[in-house]
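Chemist: sequence and predicted model, in that order:
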Amino acid sequence: QVQLVESGGGLVQAGASLRLSCAASGRIFSQNYMSWFRQAPGKEREFVARIARTGISTWYLDSVKGRFTITRDSTKNTVFLQMSSLKSEDTAVYSCGAGPTLDRVDYWGQGTQVTVSA
């Protein structure tokens, strides 16, 4: 069954903001690190951001530091990715992932398209 569902993607102009959401089942959300990855056309999937189970620790891809913020809401079992100052190079399919350790993802969402026009 589908356990991670992303939403919030779309087409925006460079410099705009967008917020992605990933709704998870309660068990998956509470027991795992939650992450965002992205895959641009013709490129491999890359890590974007991760948040610990407690929500205290976060990690980011260098190129998005200061522009993207990952948060989690335990009342909604949802992780968010607030993206600001978007650039054309941020265009990709963004996927949500969940895993028990920093370097492992056991569950994936279906992805949501983010397109940033120059």
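Modeler: Okay, I see it. Residues are numbered from 1 along each chain as shown.

Chemist: in the helix or strand bottoming out on mean pLDDT in the chain, what's buried?
Modeler: Lowest by mean pLDDT, DSSP states H and E among the helices and strands of the chain is helix 26-31, with a mean of 89. Buried positions in helix 26-31, judged by neighbour count with 16 or more other C-beta atoms under 10 Å: 28-29. Where you see a C-beta, it was placed from the backbone N, CA and C, and this is true even at glycine.

Chemist: which outside residues touch it?
Modeler: Helix 26-31 has contacts (C-beta atoms under 8 Å, 6 or more residues apart in numbering) with 3-4, 53, 72, 74, 77-79, 98, 100, 107.

Chemist: try 6 Å this time
Modeler: The contact list for helix 26-31 (C-beta atoms under 6 Å, 6 or more residues apart in numbering) reads 3, 77, 98, 107.

Chemist: with stretch 6-13 instead?
Modeler: With C-beta under 6 Å, 6+ apart, stretch 6-13 has contacts from 18-22, 86, 96, 109, 112-117.

Chemist: of the residues you listed, buried ones?
Modeler: In these, the ones that pass as buried (16+ other C-beta under 10 Å) are 18, 20-22, 86, 96, 109, 112, 114, 116.
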